[in-house]
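Novice: my questions concern the predicted model and sequence given below.
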Amino acid sequence: MKALCFFGIIFGGLAVVLFGLDLAIKLPFGRPSWILNVGFIVSGLILIYTGWMTQKGLR
């Protein structure tokens, strides 16, 4: 279970960084839509939060 929590935190962080870069400098995808980028950033932050809280609950 701990490995899944860490994987979720890492994947959420990767999504936040990737779509944050796309929103800021159009690097990976060329910013097809800023609404999609913001949605994926929020989703990544939610994934980080839920992974973090689950990890705290497993201790």
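Specialist: All right, it came through fine.

Novice: mind checking which helix or strand Gly12 is in?
Specialist: Secondary structure assignment for Gly12, by DSSP states H and E: helix 2-25.

Novice: next helix or strand past that helix?
Specialist: Scanning onward from helix 2-25 (DSSP H and E), the first element met is helix 34-58.

Novice: packing partners of the helix holding Gly12?
Specialist: helix 34-58 (3 or more CB pairs under 8 Å, 6 or more residues apart in numbering; DSSP states H and E). The C-beta positions use only the backbone N, C-alpha and C, and glycine is treated the same way.

Novice: please name every helix or strand in contact with the helix it packs on.
Specialist: Checking 3+ CB pairs under 8 Å, 6+ apart, helix 34-58 ends up next to helix 2-25.

Novice: where's the residue nearest to Ile9 when sequence neighbours are not counted relative to Lys26, distance?
Specialist: Excluding the flanking residues, the one nearest Ile9 by CB to CB, 6 or more residues apart in numbering is Gly51, at 4.1 Å. Applying CB to CB, to the nearest Å, the value for Gly51 to Lys26 is 28 Å.

Novice: more neighbours: the two, which one.
Specialist: Residue environment comparison for Gly51 versus Lys26 gives the larger neighbour count to Gly51, 20 against 12, counting by other CB atoms under 10 Å.

Novice: what is the burial count for Ser19?
Specialist: Careful, residue 19 is Phe; it's not Ser. With other CB under 10 Å as criterion, Phe19 counts 22.

Novice: shouldn't it be in contact with Trp34?
Specialist: No - between Phe19 and Trp34 there is no contact under CB atoms under 8 Å: 10.0 Å.

Novice: quick one: mean pLDDT over the helix holding Gly12.
Specialist: pLDDT averaged over helix 2-25 equals 96, rounded to a whole number.
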